[in-house]
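**Q** test case, fold it:
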Amino acid sequence: MIWKRILFLSCFMAFVLLAILEAGEGAAVGSKQAAGEGDKENLKKKIFLQDSDAANFFKKRGKRSTKSWDELNMENRQQLRADEHRREYYEEQRNEFENFVEEQNDEQEERSREQIEQWRQWHYDGLYPPYLYNRHHI
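**A** You can find the predicted model right below:
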């Protein structure tokens, strides 16, 4: 029951405050009365919409109505731009990874080539072609 009383008092106070502001008594504190009329007009221009905007306000598209061509084109352009950014990002990532793998393979090939060269030098028997083909089988 107390909450009803609090709600009633807050609504009543809001009503009283709006009535005071509407009368113009408390709206402009410390301003001159002569400039008060001009200020009210400027304030109305700032607060309220222009006539053309107000007429179009309720004509805005609802959730279930079809989209305009401009809206469709804009969404399509945004989607294409996002796809292009995504494609560029993944292409850059793929290029970096391919370069990394190529460097790793080059290093591995260099190490294995050095090892093969060392093995050939160690096992070389002075014959050409290498000893494997010149073995004398008994």
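**Q** hey, where'd the helices end up in the chain?
**A** 2-23, 33-47, 51-57, 69-123, 131-134 (DSSP state H).
**Q** can you redo the ones you listed as JSON lines with mean pLDDT and mean neighbour count?
**A** C-betas here are computed from N, CA, C, even on glycine. What follows is the helices of the chain, written out as JSON lines (pLDDT from 0 to 100; neighbours: other C-beta atoms under 10 Å):
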{"stretch": "helix 2-23", "mean pLDDT": "85", "mean neighbour count": "10"}
{"stretch": "helix 33-47", "mean pLDDT": "67", "mean neighbour count": "10"}
{"stretch": "helix 51-57", "mean pLDDT": "67", "mean neighbour count": "9"}
{"stretch": "helix 69-123", "mean pLDDT": "93", "mean neighbour count": "10"}
{"stretch": "helix 131-134", "mean pLDDT": "59", "mean neighbour count": "10"}
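**Q** not counting its neighbours along the chain, what's nearest Glu75?
**A** Lys67 (7.6 Å; C-beta to C-beta, 6 or more residues apart in numbering).
**Q** how much space between Met74 and Lys67?
**A** 9 Å (C-beta to C-beta, to the nearest Å).
**Q** also Gln118?
**A** Counting by C-beta to C-beta, the gap from Gln118 to Lys67 is 72 Å.
**Q** do His85 as well
**A** His85 is 23 Å from Lys67, by C-beta to C-beta.
**Q** before we move on, what about Arg77?
**A** 14 Å.
**Q** please apply the same query to Glu84.
**A** 22 Å.
**Q** same question, Phe15
**A** Phe15 is 42 Å from Lys67, by C-beta to C-beta.
**Q** ok, now Glu91?
**A** For Glu91 relative to Lys67 (C-beta to C-beta), the value is 32 Å.
**Q** same deal with Asp39?
**A** From Asp39 to Lys67 the distance is 42 Å (C-beta to C-beta).
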